[in-house]
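[1] Coordinates for the following, if possible.
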Amino acid sequence: VAELDAQLAECSIVAPERCRIEVVAVRHGDMAAPSAPVMRVLYDGDLWVKAYVPETKLAQVQLNQKVVVAHDGSKQEYEGTISHIANISEFTPRNVQSPDERHNQVFAIKILLKDAAGVFKSGMAASVRIATAK
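    Residues are numbered from 1 along each chain as shown. As a prediction, this is how the structure comes out:
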């Protein structure tokens, strides 16, 4: 009986925390392979924005720094916190020898958002304002 109960428990898909289903990869009657994804979910508490900081301003950005985030569809602004700063630059031009060209070299940052009442959606563009020293 215990073995049958265990097999029955394996027939149910349960998310470890509150989330929204984005994509269901299987249909009714399909067989799911072991360890194969059956759906893609977005955790409600995992709301973040990826932004890029020019190399010339990177020294003014710090972990846990508060930022302001907005999107085109609303004038309301939301508070965010920088949770990650990349160690490797992106979009590096072929030649960054002069200080004028170094602003093209950028570093990704990850900004965690507080619950924004469902305003932000996956893949949505946002504007980020970071208070920096001049």
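[2] Tell me which residues touch the spatially most central residue of the chain, please.
    Closest residue to the average C-alpha location of the chain: W48 at 4.1 Å, with C-alpha atoms, centre = their mean. Going by C-beta atoms under 8 Å, 6 or more residues apart in numbering, W48 touches 80, 83, 110-113. Using the backbone N, CA and C atoms, a C-beta is placed for each residue, glycine as well.
[3] Likewise for N64?
    Residues in contact with N64 (C-beta under 8 Å, 6+ apart) are 81-83.
[4] please redo it, this time with the cut-off set to 7 Å
    81-82 (C-beta atoms under 7 Å, 6 or more residues apart in numbering).
[5] so how far is G80 from it?
    In this view, N64 and G80 are 11 Å apart by C-beta to C-beta, to the nearest Å.
[6] Would you agree E90 is in contact with V106?
    Yes: with contact defined as C-beta atoms under 7 Å, E90 and V106 form a contacting pair (5.7 Å).
[7] Overlap of the contact sets of those two?
    Any residue near both E90 and V106 by C-beta under 7 Å, 6+ apart counts here, and that gives Y52.
[8] who's more crowded, these two?
    Legend: neighbour count by other C-beta atoms under 10 Å for E90 and V106, higher for V106 (19 against 10).
[9] The residue lying closest to that one once chain neighbours are set aside: neighbour count?
    Leaving aside its sequence neighbours, V106 sits nearest to Y52 (C-beta to C-beta, 6 or more residues apart in numbering; 4.1 Å). Using other C-beta under 10 Å, Y52 has 13 neighbouring residues.
[10] pLDDT value on the closest residue to F91 other than its chain neighbours, please?
    Closest residue in space to F91, ignoring its immediate chain neighbours: V106 at 5.4 Å, by C-beta to C-beta, 6+ apart. With respect to pLDDT, V106 scores 85.
[11] Repeat that for the one 10 residues further on.
    A116 carries a pLDDT value of 64.
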